[in-house]
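*Asks:* pasting the sequence and the predicted coordinates here, then a few questions.
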Amino acid sequence: MKVTLLSYTPDPEMTVAIAARRCYSALDSSRLTERLSSEEAKKLINMILEAGHLSPTEHASFTFAIEGVSRSLSHQLVRHRIASYSQQSQRYVSEKGFEYVVPPSIARKPEALDLYEKQIEEIRKTYSKLVEMVPKEDARYILPNACETKLVMTMNCRSLYNFFERRLCNRAQWEIRKLARAMLDCVNEVAPNLFSWVGSPCEMHGYCPEGNMSCGKVKSFSR
């Protein structure tokens, strides 16, 4: 897996702080940045995060290049709807000799790994034969969820909060949890104040909203 932060809103923390100031100040727009130091911006960010006033964070967005992940992961990823996605097409790009992802549970068991890799190889051969007979857009139906994919994704800061809360959870599937951790490392480098409080509910709030499906790390929250 490789995750790269391609681009982001210039000075995302200052952008969010200005938006937050707009909500609580009668200043003319031309004066919104007056005496707004980095320290003052940090205070504003902490204030809105503590208050749960997250709409100002929507003004900062982050674009990631992601590769070396499975189609199984990308199927989960697009469930996060407030985002933009551009994914490598299996309709136009040949998947002959495609790369694939091996789950750790399979990699740890030689017998399971042998069975897995043999089946992948059979699918590769079948796909190669099919593309000689039918269009790639139809041959792709034989490809597995394990097939490696590449994509570009953009999310605003508030959507990232939701993504990290859901996907850093111990109950999240291992691959998307690994992706979430890599993405959080990227944004922490450019906007540490915006993401200093991010994590799973058990880490950040000391409770689990999963009820009977909790991993048991902390007490579950029940209505």
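*Replies:* Sure thing, it's come through.
*Asks:* would you list the phi and psi of the most centrally placed residue in the chain?
*Replies:* Closest to where the C-alpha atoms of the chain average out (Cα atoms, centre = their mean) is A180, at 4.9 Å. A180 adopts backbone torsions of phi -60, psi -40, taken as degrees, to the nearest 10.
*Asks:* which one is A112 nearest to, not counting chain neighbours?
*Replies:* Nearest residue to A112 in three dimensions, chain neighbours excluded: I106, at 4.7 Å (Cβ to Cβ, 6 or more residues apart in numbering). Backbone N, C-alpha and C define where each C-beta goes, glycine included.
*Asks:* hmm, back to that, can you pull the pLDDT of the residue nearest to the centre of the chain?
*Replies:* With respect to pLDDT, A180 scores 98.
*Asks:* residues contacting the closest residue to it other than its chain neighbours?
*Replies:* In space, A180 comes closest to R167 once its chain neighbours are excluded; the distance is 3.9 Å by Cβ to Cβ, 6+ apart. When contacts are counted by Cβ atoms under 8 Å, 6 or more residues apart in numbering, R167 is found next to 176-177, 179-180.
*Asks:* before we move on, what about M14?
*Replies:* Contacts for M14 (Cβ under 8 Å, 6+ apart) come out as 33, 36, 38, 41.
*Asks:* the same query, at a cut-off of 7 Å, please.
*Replies:* Neighbour list for M14: A41 [criterion: Cβ atoms under 7 Å, 6 or more residues apart in numbering].
*Asks:* so it is in which element?
*Replies:* helix 12-24 (DSSP states H and E).
*Asks:* next: T63.
*Replies:* Applying DSSP H and E, one finds T63 within strand 61-70.
*Asks:* next SSE downstream of that strand?
*Replies:* helix 71-77.
*Asks:* by contact count, what packs against that next one?
*Replies:* Judged by 3 or more Cβ pairs under 7 Å, 6 or more residues apart in numbering; DSSP states H and E, helix 71-77 is in contact with strand 148-156, helix 174-190.
*Asks:* could you dump the ones you listed to JSON lines with distance to Y100?
*Replies:* JSON lines is the format used below for the helices and strands packed on helix 71-77 (distance: least, Cβ to Cβ, whole Å):
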{"stretch": "strand 148-156", "distance to Y100": "6"}
{"stretch": "helix 174-190", "distance to Y100": "12"}
